[in-house]
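K.L.:
sequence plus predicted model, see below.
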Amino acid sequence: MALHLQVILASTRPGRKGPEIGRWFAKYASNNSDFEIDVVDLSEFDLPVFDEPHHPVMQKYEHDHTKRWSETIDKADAYVFVTPEYDHTAPASLINALTYLSKEWNYKPAGFVSYGGVSGGLRAVQSLKPMMSALKLVPLPEAVTVPGFTEFLGESGFDANELHEKGAADMLAELGKWAGALKGIRTPVADKANQAA
């Protein structure tokens, strides 16, 4: 059974270039039979600055936007975050979206496709890793990094080079290993017994 991989577009601002890069990665990943791919666009969720009265670990969500976000994220076995770098860190939209949930993220691997100027978004990725570890996500070192990203954008979208494709292949291989192993941790004991029967 294929693992469910969500490609999450982190930037929500007008004029963003994440969708072009995300579409390239999703198409590339769709050639890997280990995964079923969904693109999740944060701009379609309209999440306000975190506004739930209860701690996310309790999962006592009061707002429809949170319930929809929770249901979406809970379905995945692994994530790839397509993120730019803003002011040496990740976009506020992504930090806010991570903050909304807790258990839905637990024991799942996270990969990154980052883009930006000289650093290619690496500082955004590094800034996210401590937060993700606190959420019991497993951030992987294998990644796609795109410095000078505008050079790779054209009329047909994102034109990846060999380094981008190699990074994607290496990351997908690791995501498959980790997602398969961690799925067993997330499966309730009763469900494991039923599967064995």
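P.N.:
Done, it's in.

K.L.:
please enumerate the strands of the chain.
P.N.:
Applying DSSP state E to the chain gives strands spanning 3-9, 35-41, 78-84, 108-116, 137-147, 153-154, 157-158.

K.L.:
parallel or antiparallel, which strands does the first one pair with?
P.N.:
By that I understand strand 3-9. strand 35-41 (parallel), strand 78-84 (parallel) (DSSP bridges).

K.L.:
same thing with the last one?
P.N.:
Strands flanking strand 157-158 in the sheet, each with its direction: strand 153-154 (antiparallel) (DSSP bridges).

K.L.:
and for the longest one?
P.N.:
Counting by DSSP bridges, the strands paired with strand 137-147 are strand 108-116 (parallel).

K.L.:
helices and strands around the longest helix seen in the chain, which ones?
P.N.:
Counting by DSSP state H, the longest helix found in the chain is helix 162-186. Here helix 162-186 touches strand 3-9, helix 18-29, strand 35-41, strand 78-84, strand 108-116, strand 137-147, going by 3 or more Cβ pairs under 8 Å, 6 or more residues apart in numbering; DSSP states H and E. Glycine gets a C-beta too; all of them are placed from N, C-alpha and C.

K.L.:
would you turn the ones you listed into JSON lines with mean pLDDT, mean neighbour count and distance to I185?
P.N.:
Formatted as JSON lines, these follow (pLDDT from 0 to 100; neighbours: other Cβ atoms under 10 Å; distance: least, Cβ to Cβ, whole Å):
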{"stretch": "strand 3-9", "mean pLDDT": "99", "mean neighbour count": "22", "distance to I185": "14"}
{"stretch": "helix 18-29", "mean pLDDT": "97", "mean neighbour count": "21", "distance to I185": "23"}
{"stretch": "strand 35-41", "mean pLDDT": "98", "mean neighbour count": "18", "distance to I185": "19"}
{"stretch": "strand 78-84", "mean pLDDT": "98", "mean neighbour count": "27", "distance to I185": "13"}
{"stretch": "strand 108-116", "mean pLDDT": "98", "mean neighbour count": "27", "distance to I185": "10"}
{"stretch": "strand 137-147", "mean pLDDT": "98", "mean neighbour count": "20", "distance to I185": "10"}
